[in-house]
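Asker: give me the fold of what follows.
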Amino acid sequence: MGHDSENLTIGTFAKAAGVHVETIRFYQHRGLLPTPNRPYGGIRRYSSTDVARVKFVKSGQRLGFSLDEIGQLLTLEDGTHCSDAAELAAQRLSDVRAKLADLTRIEAALSRLVSECHAVQGNVSCPLIAALQQR
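Answerer: All right, here's what the predicted structure looks like:
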């Protein structure tokens, strides 16, 4: 049995979007999602457009965008501001590359320390512990 895509309760909406009801309310509070009017004596209803918007937010988060950045992207969603969206994405890409460089440096340092730990024989101090104490 299908649901009317323009008449979803918050619970059905959350399920369709793959999030919790609290997430819907949080996004509304942050201004990422409009809060529909409540008819007198009734309950708020959501639409498939709202579901698509939440999925947009979640996709943005998976790409590493902050909620503030996603809010900026939502203001550009009419598709005519591609250069502005590309600028935000370029900033995110730069951040990701910097994090990758940091992770590569960390990986090399940890790899070296683990190798030193395995090379140590006898009753001497651990190179890893000694390196952490020096920093």
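
Asker: give me the neighbour count for D50.
Answerer: Around D50 there are 23 other residues, counting by other C-beta atoms under 10 Å. (Each C-beta comes from the backbone N, C-alpha and C, glycine too.)

Asker: list the buried residues in the host helix or strand of it.
Answerer: Using DSSP states H and E, D50 sits in helix 48-62. If you call a residue buried by 16 or more other C-beta atoms under 10 Å, then helix 48-62 has these buried ones: D50, V51, R53, V54, F56, V57, G60.

Asker: skip ahead from it and say which helix or strand is next.
Answerer: Next helix or strand after helix 48-62 toward the C-terminus (DSSP H and E): helix 67-75.

Asker: ok, now which ones touch the spatially most central residue of the chain?
Answerer: Centroid-nearest residue in the chain: Q61, 2.5 Å away (criterion: C-alpha atoms, centre = their mean). Contacts for Q61 were tallied using C-beta atoms under 8 Å, 6 or more residues apart in numbering; they are L67, I70.

Asker: give me the mean pLDDT for the helix holding D50.
Answerer: If you average the pLDDT over helix 48-62, you get 95.

Asker: next: stretch 121-135.
Answerer: Averaging the model's pLDDT scores along stretch 121-135 yields 75.

Asker: flag every buried residue along it.
Answerer: When neighbours are counted by 16+ other C-beta under 10 Å, the buried residues of stretch 121-135 are found to be P127.

Asker: next: stretch 9-17.
Answerer: Buried residues in stretch 9-17, counted by 16+ other C-beta under 10 Å: I10, F13, A14, A16, A17.

Asker: so which of those residues belong to helices?
Answerer: Residues from these lying in helices, with DSSP state H as the criterion: I10, F13, A14, A16, A17.

Asker: for these, which one is nearest G41?
Answerer: Using C-beta to C-beta, I10 is the member of these that lies nearest G41, at 16.7 Å.

Asker: max-length helix in the chain?
Answerer: Under DSSP H, the chain gives helix 82-119 as its longest helix.

Asker: would you mind pulling up the elements that that one packs against?
Answerer: If contacts are counted by 3 or more C-beta pairs under 8 Å, 6 or more residues apart in numbering; DSSP states H and E, helix 82-119 sits against helix 67-75, helix 127-134.
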